[in-house]
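In: the following comprises the amino acid sequence and a computationally predicted model.
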Amino acid sequence: MKNIDQINLFKSTIKKTKSGTLTTLAADFGISAKESIYFAEKTLLTNYIYKKDETYNLVYTVIDNDGSEESFVEDDGILPTLFLSPDQENYVSFVPYDPNKDLEISIPVFNRENIELPKRNRPFVGDFIGTSNQYSIFHNADSWSDTKPDKLLAIEFKNGVIKKKHNVKIALPRNNKIFIQNNEIHLLAKDNTNWVHRQIDELGKLVRERTIKSNHQFFRQILSLSFEENSYILCEEKGKISIEIISAQNACNTMNLIEIGDRFYNTWQPVQVGEQTFITRFNNEFGNGWITTKNEQLLEIFYGKEEKGYKNLLTNEVLEMDHKDLVISSLNKTKENCYAVIFYPMANDKKHSNELIILNREIK
């Protein structure tokens, strides 16, 4: 296959602040932010970049930790999903244009010269979770259904290339959160008044399970989950944020972190940026933000309520921005204990936003 071509599309500005490095990318006719992911201690973005006639290109942009950027254009494709191979090579699944079929291909983002055009498959609607042994793992839970089981996509690699895609239905209970570490896949779901912790293999076969009687009825996200060590589960009720610590012996203890007074609407899969250090995005009625934890310790919580930017509620440090109403499109690890947050301003009366803002920050 042909490699992607480099392209110059953005007007880029870089600003150093106490909170980190801010990069602003401006396009003439509009940007639609898609995803971001770790790439060689940097950030890899996918975006649609619009033209004057309202058509667009799928563009990959690499952001260095110092804020500099370079971009590459896909010849033909929409609906990108970024993921990593078991060798930590950057891959993408997308749908090439076909007026009759919406089928996707999965290929490396870079270094395609030795790759043949692969067979197209039905797109899997779900999130990339991580890698386990020779598989890249994706997960989907249908939040609108009370009966549909969760689904797993396991992309099997052999000798550094994709061998086969396995679509798996996960046995009930449904609506699981999923966590991968040390080539183990762990699930956590609510079942009546209890929590069910399961370990499965890459093809969905049950390895072991336990029932947890937690101090909380609900949980938000898995920070870590293990049968041999302490597990840490992020919880929030009516704006009170806590971590439920579950021992290997099934004992539960609640560590209260902070009360922000506003309940969460949504949280996203935590991103591991260091040893036992995770960042979780959230939003609510008044804005959005992110929370950084290490085991049961709260390291930082940035919240955009009533700010032109974001305030760390632990230190009152303010990350000042040029816009008040910002959407967080994604967050990813860069270097150890470093991360990038990607924002865009609300479009308001325009069809598309014209800017992306990338924060590169180190946890100190």
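Out: Perfect, I can see it now.
In: what's the longest strand in this protein?
Out: strand 20-39 (DSSP state E).
In: so which elements touch that strand?
Out: Counting contacts by 3 or more C-beta pairs under 8 Å, 6 or more residues apart in numbering; DSSP states H and E, strand 20-39 packs against strand 11-17, strand 42-50, strand 56-63, strand 78-84, strand 326-333, strand 338-345, strand 353-362. For the C-beta atoms, the positions are set from N, CA and C on the backbone; glycine is no exception.
In: output those strands as CSV; include the columns mean neighbour count and mean pLDDT.
Out: As requested, the helices and strands packed on strand 20-39 are exported to CSV (neighbours: other C-beta atoms under 10 Å; pLDDT from 0 to 100):
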stretch, mean neighbour count, mean pLDDT
strand 11-17, 14, 96
strand 42-50, 23, 97
strand 56-63, 22, 97
strand 78-84, 19, 97
strand 326-333, 21, 97
strand 338-345, 23, 97
strand 353-362, 22, 96
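In: what lines up beside the longest strand of the chain in the sheet?
Out: strand 11-17 (antiparallel), strand 42-50 (antiparallel), strand 353-362 (antiparallel) (DSSP bridges).
In: buried sites along that strand?
Out: The neighbour-count check on strand 20-39 (16 or more other C-beta atoms under 10 Å) flags 20-25, 27, 30-39 as buried.
In: between strand 56-63 and it, find me the angle.
Out: Relative orientation of strand 20-39 versus strand 56-63 (axes from the mean of the first three to the mean of the last three C-alpha atoms, to 10 degrees): 110 degrees.
In: for strand 20-39, what is the average pLDDT?
Out: In this model, strand 20-39 carries a mean pLDDT of 96.
In: contacts only, for the closest residue to R361 other than its chain neighbours.
Out: Ranked by C-beta to C-beta, 6 or more residues apart in numbering and with sequence neighbours excluded, the top spatial neighbour of R361 is G20, at 3.5 Å. Counting by C-beta atoms under 8 Å, 6 or more residues apart in numbering, G20 touches 319, 359-362.
In: swap in 6 Å and give it another go.
Out: Neighbour list for G20: 359-361 [criterion: C-beta atoms under 6 Å, 6 or more residues apart in numbering].
In: also L223?
Out: Counted by C-beta under 6 Å, 6+ apart, L223 has contacts 232, 234, 270, 278.
In: let's see 7 Å
Out: L223 is in contact with 232-234, 243, 270, 278, 293, counting by C-beta atoms under 7 Å, 6 or more residues apart in numbering.
In: then F128?
Out: Counted by C-beta under 7 Å, 6+ apart, F128 has contacts 81-83, 136, 138.
In: tell me which of those residues is nearest to L188?
Out: Closest approach between the contacts of F128 and L188, by C-beta to C-beta: F138, at 17.4 Å.
In: pull up the pairing partners for the strand or helix carrying that closest one, direction included.
Out: Element membership for F138, per DSSP states H and E: strand 135-140. For strand 135-140, the paired strands and their directions (DSSP bridges) read strand 127-132 (antiparallel), strand 151-158 (antiparallel).
In: got the angle between it and strand 78-84?
Out: 130 degrees.
In: before we move on, the earlier item: let me have the strands paired with strand 20-39 in TSV, adding distance to H166 as columns.
Out: Listed next are the strands paired with strand 20-39 as TSV, based on distance: least, C-beta to C-beta, whole Å:
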stretch	distance to H166
strand 11-17	41
strand 42-50	24
strand 353-362	35
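In: for the residue nearest to R361, which residues make a bridge with it?
Out: Going by DSSP bridges, G20 forms beta bridges with T17.
In: what about it, distance to N182?
Out: From G20 across to N182, the span is 31 Å (C-beta to C-beta, to the nearest Å).
In: give me phi/psi at Q134?
Out: Main-chain dihedrals, Q134, degrees, to the nearest 10: phi -100, psi 20.
In: try M321
Out: According to degrees, to the nearest 10, M321 has phi -130, psi 170.
In: pull the contacting residues for it.
Out: Contacts of M321 by C-beta under 7 Å, 6+ apart are 308-309, 357.
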